[in-house]
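S.K.: sequence unknown, structure follows:
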C-alpha cells in the first residue's frame, strides 16, 4: 500500500462558478503530492468539453455577491445571465484569478486523472469528440475503486 495521500472529487456542476472548486482543489492537492482523481458526472461533464462556454447565474444562488442588489425577478430577464457571466469574468481577470481553461490544463500537467461518467455520456448522447484528450471513461465502480482508498473524498 502506498504512503501517497489520495483525493477523490466528484464534479456534478457545469457552470462557471462551479467549475473552479474541483480544478483548484485538484491542482492544489496534486502540487502537494496527492494522487488525485476527478469523476465528472451529469452537468459536470461540461467541464471536460474542448470548447468551454460556461455561464454563471445568480438565480438559485442568493449568496452571490452583486455590485448592486438585483431582485430575483430581474435576474430571470433575457440577457441577465450573459451580463452576470461577463461581470464575473471581468472581476476574476482583474483579481488575477486563472481561467477555467488554465486550471484544467494545470490539472492535466499535474497528472490529475479525469474520468467522464460513461453512463451520463450515454444518457445524454454526448459526442466524445467534443471532450478534451487525455480523459478516461468509467462508471460509478471506477470511481469507488479509487475513492474507497482515498484519504479525502469531496462532492462538488
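M.R.: Everything's here; your move. Quick caveat: nothing in here was measured; it's all calculated off a predicted structure.
S.K.: Residue 38: what secondary structure?
M.R.: Remark: residue 38 carries the secondary structure label strand [criterion: DSSP: H, G, I helix; E, B strand; the rest coil].
S.K.: And what about the residue nearest the centre of the chain, helix, strand or coil?
M.R.: Most central in the chain under CA atoms, centre = their mean is residue 19, positioned 3.3 Å from the mean C-alpha point. Under three-state DSSP, residue 19 falls in the helix class.
S.K.: what's around the residue nearest to it when sequence neighbours are not counted, how many residues?
M.R.: Ranked by CB to CB, 6 or more residues apart in numbering and with sequence neighbours excluded, the top spatial neighbour of residue 19 is residue 100, at 4.5 Å. To be clear about C-beta, it is placed using only N, CA and C from the backbone, and glycine gets the same treatment. Using other CB atoms under 10 Å, the number of residues around residue 100 comes to 18.
S.K.: Show me the shaky parts of the protein.
M.R.: 1-2, 58-63, 66-69, 72-73 (pLDDT under 70).
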